[in-house]
Structure formats: structure tokens, C-alpha cells
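A.B. asks: sequence first, predicted model second:
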Amino acid sequence: GLSELYSHPRTFILKITSLPEGYPIGFIFPKNVTANVAEYDDRGWCFCEAAMANLVKSSNKVVDLGKFSGSPVVVKTSSGTEHRADLVGLL
């Protein structure tokens, strides 16, 4: 199930921990649906997702897209080699 996907040591987890600037202004929702503006850490599923992923994965397999600035970052591989990568290089 999902717990296997999130906790498997060879899968990547992409977390989106921040909402788009100005959200929910400009977004259109179906009738009777309101925007969920709760912070990432205050959402039950997000907490579960992060807990399962961080249980067994190395930190370079859990990517927080909310912290991505668009600039290259230094990534350390499991062999200890460091290299610069943009977001595409992380995936």
C-alpha cells in the first residue's frame, strides 16, 4: 500500500510544504468546496507522509519543493560524492 511507497528506501518523496503566493486568491474551486489553507505540518496526511518517508529514507530521497529557490544545490550521493544539481538533477 501507500506505506510501502513512502517508506521504501529507493523511492523519492516530493513534499510541497508551502502554498503558492497569494493562495487561494485567483484559484477556482468547485461549488461547495473551500480552500484548505492549513499549514503543511498541521495537515494529518502530510504529517503521516513525512513520518513514513523519514523513517527509513536518506535525506536526499525526501525533497521539499517548498524550500526550492530555483538555484542549484549541493547533493551528496550515498557514496559520499558531492555535486551541484538543479531540481531536475534531484529527480
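C.D. replies: Yep, it's here.
A.B. asks: strands of this protein, start to end?
C.D. replies: Under the criterion DSSP state E, the chain contains strands at 13-15, 62-64, 73-76, 82-85.
A.B. asks: hey, least reliable of the ones you listed by pLDDT?
C.D. replies: Averaged per stretch, pLDDT over those is lowest on strand 82-85, reaching a mean of 62.
A.B. asks: leaving out sequence neighbours, find the closest residue to L65.
C.D. replies: I16 (5.0 Å; C-beta to C-beta, 6 or more residues apart in numbering). (Glycine included, C-beta is placed from N, CA and C.)
A.B. asks: show me the residues around that neighbour that make contact.
C.D. replies: Listed by C-beta atoms under 8 Å, 6 or more residues apart in numbering, the contact partners of I16 are 40, 65-66.
A.B. asks: distance of it relative to N54?
C.D. replies: Computed as C-beta to C-beta, to the nearest Å, the I16 to N54 distance reads 16 Å.
A.B. asks: ditto for E4
C.D. replies: Relative to N54, E4 is positioned 15 Å away (criterion: C-beta to C-beta).
A.B. asks: can you tell me the centre-most residue of this protein?
C.D. replies: The structure's the chain has its C-alpha centroid closest to K15; by C-alpha atoms, centre = their mean the separation is 1.1 Å.
A.B. asks: what sits opposite that residue in the beta ladder?
C.D. replies: Here K15 sits in beta bridges with D64, as judged by DSSP bridges.
A.B. asks: excluding its backbone neighbours, what's nearest L5?
C.D. replies: For L5, the nearest residue in space outside its immediate sequence neighbours is T11; the separation is 6.0 Å by C-beta to C-beta, 6+ apart.
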